[in-house]
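Peer 1: after the sequence you'll find the predicted model.
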Amino acid sequence: MITGEEAKKVFTGERRYIPNPLYPLIISGDEESDYFQLLVLLENKPGSASRMFEYLERSGFDIVIAKGYPFNDLALFTCHFRVKREVGLNAKAVEDEIKALRGVLNVILAKLPRLSKPIYFDIYHFPLVCREHRMLTIPAEIFYYLRAHLLERLDTGGAALLHEAGLKASTFIFDELLSSLGSLEDKLIVSQEVYRVLGWGIMEMSLTQREGEIVIRENLEAKGADLFGCNFTRGLLTGLLRKIFSDETIKLREVECASTGKPYCRFILL
């Protein structure tokens, strides 16, 4: 994550984005405190959440991380909070007090295990999903390792496999996130946002159906100079544009790559 000083730069315009943590994780816990995770089912009505927050504040609980999920007439709320060990906490009493709040339907409060080093995970979220699809996360280094060995052992065959994998990824993205959008402009805008949110890079599209370019800054695939370029990225972008424009003849060429020292990767339509 970033520091507080770095976070301030978002508000001054010096920084545009902040890192997005994959899941709630406390890695710098207070060794003198006990940590708890609260899971609350609420009526999705005005005042339900605010009454719960007021209770937590009034009780002196130090909230570390909080997330909420609305589901039509219901809402799910989860948070991590800490309490000084010397103060203590009666979990059953806290559960009963929160349950008594108007709009609260059910409550689970769990004390997180105390480790030799204060590291605390979210204990309620599993699996990681996008819509109804189970997702897998790996460090970027694993992607680089797989990519490098594909290219080293299969040469142009490895490049072709990466391109095909990108095409496959584009099908998932379009079917799940773009197909329901009406206008062409909306599909192009959301494509750029999805690419960023998934952590692959910051995309800027300037194109019509048969001409234009795509620029990607901080492209995940562009690491280390090689002769092959960003084949996974090219496949993904090609597949997206084919579906967005309903044109299976669309092809892309990477004409600049950040792996060679350029400030971005640039792709043009052929």
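Peer 2: Ah, there it is.
Peer 1: the strands in the stretch 1-150 of the chain, which residues?
Peer 2: Applying DSSP state E, counting those that start in this stretch to the stretch 1-150 of the chain gives strands spanning 25-26, 33-43, 62-71, 74-84, 104-111, 120-121, 129-130, 133-134.
Peer 1: reformat these as a markdown table; add mean neighbour count and mean pLDDT.
Peer 2: (C-beta placed from N, C-alpha, C; glycine too.) A markdown table is the format used below for the strands of the stretch 1-150 of the chain (neighbours: other CB atoms under 10 Å; pLDDT from 0 to 100):
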| stretch | mean neighbour count | mean pLDDT |
| --- | --- | --- |
| strand 25-26 | 15 | 62 |
| strand 33-43 | 19 | 93 |
| strand 62-71 | 13 | 88 |
| strand 74-84 | 19 | 91 |
| strand 104-111 | 15 | 94 |
| strand 120-121 | 18 | 77 |
| strand 129-130 | 12 | 82 |
| strand 133-134 | 10 | 86 |
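Peer 1: same list, those strands, but as TSV with distance to residue 187 please.
Peer 2: Below are the strands of the stretch 1-150 of the chain laid out as TSV (distance: least, CB to CB, whole Å):
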stretch	distance to residue 187
strand 25-26	34
strand 33-43	35
strand 62-71	25
strand 74-84	30
strand 104-111	38
strand 120-121	36
strand 129-130	18
strand 133-134	20
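Peer 1: beyond whichever strand or helix holds residue 190, next helix or strand please.
Peer 2: According to DSSP states H and E, residue 190 maps onto helix 184-197. Counting by DSSP H and E, the element after helix 184-197 in chain order, helix or strand, is strand 202-207.
Peer 1: got the phi/psi numbers for the residue located most distally from the centre of the chain?
Peer 2: Relative to the centre of the chain, the most outlying C-alpha is that of residue 86, 36.8 Å out, by CA atoms, centre = their mean. When read as degrees, to the nearest 10, the backbone of residue 86 gives phi -70, psi -20.
Peer 1: just to revisit the earlier point, for the helix holding residue 190, what is the average pLDDT?
Peer 2: Averaging pLDDT along helix 184-197 yields 92.
Peer 1: how about stretch 229-237?
Peer 2: For stretch 229-237, mean pLDDT rounds to 95.
Peer 1: re earlier: any idea of the angle the helix holding residue 190 forms with strand 202-207?
Peer 2: Computed with axes from the mean of the first three to the mean of the last three CA atoms, to 10 degrees, the direction of helix 184-197 lies at 160 degrees from that of strand 202-207.
Peer 1: what packs against helix 184-197?
Peer 2: strand 202-207, helix 231-245 (3 or more CB pairs under 8 Å, 6 or more residues apart in numbering; DSSP states H and E).
Peer 1: got the angle between the last one and strand 202-207?
Peer 2: Orientation note: helix 231-245 sits at an angle of 50 degrees relative to strand 202-207 (the same axes, to 10 degrees).
Peer 1: and the helix or strand following helix 231-245, which strands flank it?
Peer 2: Downstream of helix 231-245, the next assigned helix or strand under DSSP H and E is strand 252-256. As defined by DSSP bridges, the strand partners of strand 252-256 come to strand 265-269 (antiparallel).
Peer 1: that older thread, pick the most deeply packed of the helices and strands packed on helix 184-197.
Peer 2: By mean neighbour count, with neighbours taken as mean count of other CB atoms under 10 Å, helix 231-245 ranks first of these at a mean of 23.
Peer 1: can you list the domains in the protein?
Peer 2: 4-126, 140-269 (automatic domain parsing).
Peer 1: tell me, how many residues neighbour residue 251?
Peer 2: 12 (other CB atoms under 10 Å).
Peer 1: correct me, but it touches residue 235?
Peer 2: No: the pair residue 251 and residue 235 does not pass the contact test of CB atoms under 8 Å, sitting 10.7 Å apart.
Peer 1: that's all I had, so thanks and see you.
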